[in-house]
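[1] have a look; sequence and predicted model below, questions after that.
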Amino acid sequence: MGSDELLAVFAEGDGYISHVLVEDVELAYECANAATFEHAVFRDCLFEQVDLSECTFRDVVLENCRFIGCVMDKAWLNRVDLRDCSAPGLSLLQARIAWVCAVSTDLSYANLSETSIDHFSLDGCRLREAALQRAKLKNVRWDACDLTRIDVFGTPLAGIDVSDCTFSAPVLSSDYRELRGLVVGADQALDLVQLLGVRLAEG
């Protein structure tokens, strides 16, 4: 499927795309009008300032795709794989995410605030300064990810293991309640102790 066919589906409003390969497509400043993508593969695509709000992605693979300034607010992502993608600043505000796996993908500065997340696996991904405020997290696994300055204000992290991730200077509420039950490594624990204002005795 090429860009012209894709735009034709967008123009329908609530369009439906299934069992297609979308490859080497470049789109800018378009609106998907709440389209549904099912059993689709997007490969080597570039989307710039594309509005994908309220779209549904079900059984979709995204390979080596770039999203620049794109919006997926209130989107529904179910059984989606992102591989070697770049999506800095992607907005997924109030989206629903289930059984999503991302590998070697850049989600720095992304906004996943108020999202409902169930089964979200990230491996070797960047979430530097990403926002997950007041999100609902369930069955989350983050391996070897860069979570520097991640904003998790109002989002409980209980049961999540970040021991092999870069986890420093997180944005938290004043009582640090988001950290209760978080699994961290020894070095990370020392950093968090300093964040809490506790001083370690020398010697």
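    In hand now; what should we look at? Numbering: from 1, shown residues only.
[2] contacts, neighbours, all on C-alpha from now
    Noted.
[3] A helix includes residue 4, no?
    Yes - counting by DSSP: H, G, I helix; E, B strand; the rest coil, residue 4 falls inside a helix.
[4] any weak-confidence spans in this protein?
    Along the chain, segments meeting pLDDT under 70 span 194-203.
[5] after whichever helix or strand residue 82 is part of, which helix or strand is next?
    Applying DSSP states H and E as the criterion places residue 82 in strand 76-83. Counting by DSSP H and E, the next helix or strand C-terminal to strand 76-83 is strand 96-103.
[6] show me what that following strand is packed up against.
    Counting contacts by 3 or more Cα pairs under 8 Å, 6 or more residues apart in numbering; DSSP states H and E, strand 96-103 packs against strand 76-83, strand 116-123.
[7] show me what contacts the nearest residue to residue 177 once chain neighbours are set aside?
    Take residue 177 and drop its neighbours on the chain: the residue closest to it by Cα to Cα, 6 or more residues apart in numbering is residue 156, 7.3 Å away. Residue 156 makes contacts with 136-137, 177-180, as judged by Cα atoms under 8 Å, 6 or more residues apart in numbering.
[8] so which of the residues you listed belong to strands?
    Per DSSP state E, strands hold the following members of the contacts of residue 156: 136-137.
[9] give the buried subset of the contacts of residue 156 as a ChimeraX selection command.
    The buried residues among those can be selected in ChimeraX (16 or more other Cα atoms under 10 Å) with this line:
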select :136,137,178,179
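[10] okay if I get the contacts of residue 156 as CSV plus distance to residue 28?
    Supplementary listing: the contacts of residue 156 in CSV, determined by distance: Cα to Cα, whole Å:
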residue, distance to residue 28
136, 31
137, 32
177, 41
178, 38
179, 39
180, 42
